[in-house]
Structure formats: structure tokens, C-alpha cells
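Student: after the sequence you'll find the predicted model.
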Amino acid sequence: MRGGKLATLRPVAAVGAAMLLMIAGAAAQMPDLTGVEIITHPVAGNVYMLEATKDVAGNIGVSVGPDGILIIDDQFAPLSDQISAALAELSSGELRFILNTHYHEDHADGNEILSQDGAVIIAHTNTRKRLLHRPRGHWPVITFDHEASVHFNGEEIRATWYPNGHTDSDLVFFFTESNVLHLGDLWNSGTSGFPVVDIEAGGSAMGILENIEKLIPTVPEDAKIIPGHGPLSDLAELRSYRDMLEETIELVRSKWESGMTLEQIQQEGLQPKYDSWGYGYMDANGWIEGIFRSLEQL
Ligand SMILES: [Zn+2]
């Protein structure tokens, strides 16, 4: 979910404390994966979602069918056996493609183990750059800059790059026949969750808003949406997320422009209607800091 030195990290309660341990980079550590299970959720058509309990890792999108298996993201390497077992329950087919939404370890650390039997890893060019410090097995084999499609299990799976939002390498995937999208951490925590901005990796709070605004008109009304983390969602909830982004960024921007410090803005807080948000990885102060640091980059 996050990488490098994240100025925006403000973990919430126990989940946050666990997440703090998994900051990517040279000193990366795993969160405690003891007792974590992989739960399979049917989504629509060919598509399933694999969720790690305790929300320790990103959601996996799965396509199963006559061509075999394709997955979007692959969580942490120590969960690979459980992920493989969950996939085997869905299909006896071969795992042929691994698509990465971005490089964070809770989404891409399984690359090396899960590609051992020949699955091809596909990702944005910047994701490959950000994985080159890791052993070769983690490296995406096919990369692209803007758009690409995988034609698999009777449908086009379209990958579109959305620049500089959560990171500089965020891909959104659209299963065009199953009518399902996987948004990666562009939508970090589903409904009622503030996003994480990985400033060190080119992320931007305003970029997240711009990307979500660009994305919404392309999403069919009845599509199912897999967020980077959290439960399966839909367009109505994505619109609520967009509204929150717009209103909170505007609030922080006006205070920033008036010369207030980060601490002063945090003290005043966000609009009261967002008091119940931030249950996941990011509390309101962390999100305010994400916006503030993004404004400083302008
Ligand atoms: Zn991430």
C-alpha cells in the first residue's frame, strides 16, 4: 500500500500499527501474518476477489476460465501458498498472468513465488523501475506506459494508467465482459476510508482526485468495483469517495493558502461529516498531511 518514507502515514489503532511495520523499501518488514486467511468472494462473470483477513494486504482480482487463471496483485510472499490453494479451489487451470496495480509490497510481494511456474508479470513501466532493487523474479516482464489489454477467458481485460495519484505507477483494470474493475490503491480503503498518498513515489492528493474524476465517467452504472483494500464496492460509493476528496482537499487548500501550518489545520480538522471516516489505514490527520504535502509539491 505504501512505500518509502511516507510523510502521510498516521496509522489508526491496531490495524494501523500492523501496517506501520510493512512500509516498503530497504528496511521493509512484514506485518504479522499469523492466523491470516484468504477468503474467496465471487464478484461477477469470470471474476473473483481474494481478501486477506485482518486487512493485512491488498485485494486480489482473479479471472478463471478456459484459458486458465489471471490475477491482479499478489499480496505478501508468505501468503503465496494460501493464495495458490484458493486459486486451485476455483480452477485446475494454470496461473498464466500476474498483473500489478502498483509496486507496494502488500500488493506485489508475491510476484517472485507465484511466477515461478511461468506466469508472466505485467505492470506499468514505473512499477518495474520500483521493483528493480528486488530479486529478478519480482520484475514485471511486460511493461507499458499508458494502456494495454490482455485478451483472456473470453474478454478484454483493459489496463489504464492513471498518473501520479497514490503513486506514479497506478493501473486500473477493467474486465469488460464481467463488468468488474480493480482500482488498486487509487481507491485505498473503499467507502469511508481516506487514501494514502505516497509522495516519495510521485503520489499526489490532488492527483488522486483528478484521476477519480477522470475514471468515474468510464465506469458502467452497474459495474462491481474491487478497491485496493476493503469490501467489494460500486459506483455510488466511488462517487461518495470523490465528493469527500473534493471537499476535504478544498478545505485544506484554502487553509494552506491562508498560511496556516499543518498542525493548525490538523487541530481544526475536516468537515464533521467525515468524523466517521478514516477507520482503516489513514486517519483524518494523516489525510490532511497527505493533502498538505501534496500542496507543497506544487
Ligand atoms: Zn499502495
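Tutor: That came in fine, so what should we check first? Residues are numbered from 1 along each chain as shown.
Student: residues contacting residue 203?
Tutor: By C-beta atoms under 8 Å, 6 or more residues apart in numbering, the contact set of residue 203 is 164, 165, 166, 167, 168, 196, 197, 294. Backbone N, C-alpha and C define where each C-beta goes, glycine included.
Student: which one of these is nearest residue 43?
Tutor: Nearest to residue 43 among those: residue 166, at 21.6 Å, using C-beta to C-beta.
Student: secondary structure element holding the nearest residue to residue 56 once chain neighbours are set aside?
Tutor: Nearest non-adjacent residue to residue 56, counting by C-beta to C-beta, 6 or more residues apart in numbering: residue 31, 4.9 Å away. Using DSSP states H and E, residue 31 sits within no helix or strand.
Student: how about residue 149?
Tutor: For residue 149, the host element (DSSP H and E) is strand 147-152.
Student: show the average pLDDT along that strand.
Tutor: The predicted model gives strand 147-152 an average pLDDT of 98.
Student: which residues touch the next helix or strand after that strand?
Tutor: Downstream of strand 147-152, the next assigned helix or strand under DSSP H and E is strand 155-161. The contact list for strand 155-161 (C-beta under 8 Å, 6+ apart) reads 45-46, 63, 70, 99, 122, 124, 144-151, 169-178.
Student: same question for stretch 224-231.
Tutor: By C-beta under 8 Å, 6+ apart, the residues outside stretch 224-231 that reach it are 1, 43-44, 47, 49, 55, 58-59, 61, 72, 101, 107, 166, 179-191, 193, 219, 232-235, 237-238, 280-281.
Student: out of these, which are buried?
Tutor: Among the contacts of stretch 224-231, those that count as buried by neighbour count (16 or more other C-beta atoms under 10 Å) are 1, 43, 47, 49, 55, 58-59, 61, 72, 101, 107, 166, 179-191, 193, 219, 232-233, 235, 237-238, 280-281.
Student: inside strands: which ones of these?
Tutor: Per DSSP state E, strands hold the following members of the buried ones among the contacts of stretch 224-231: 43, 47, 49, 61, 72, 180, 181, 182, 233.
Student: which of these scores worst on pLDDT?
Tutor: Looking at these by pLDDT, the weakest one is residue 233, with 95.
Student: quick one, what contacts it?
Tutor: Neighbours of residue 233 in contact, by C-beta under 8 Å, 6+ apart: 187, 190, 191, 224, 225, 226, 227.
Student: distance check, it against residue 146.
Tutor: Distance, residue 233 to residue 146, by C-beta to C-beta, to the nearest Å: 26 Å.
Student: same check on residue 259?
Tutor: 39 Å.
Student: which one's more surrounded, those two?
Tutor: Neighbour count, other C-beta atoms under 10 Å: between residue 259 and residue 146, residue 146 has more, with 10 against 7.
Student: give the bridge partners for the closest residue in space to the more buried one that isn't next to it in sequence, please.
Tutor: Counting by C-beta to C-beta, 6+ apart, the nearest residue to residue 146 once its immediate chain neighbours are dropped is residue 161, at 5.3 Å. Note on residue 161: beta-bridge partners by DSSP bridges are residue 171.
Student: residue 161: how many residues sit nearby?
Tutor: With other C-beta under 10 Å as criterion, residue 161 counts 19.
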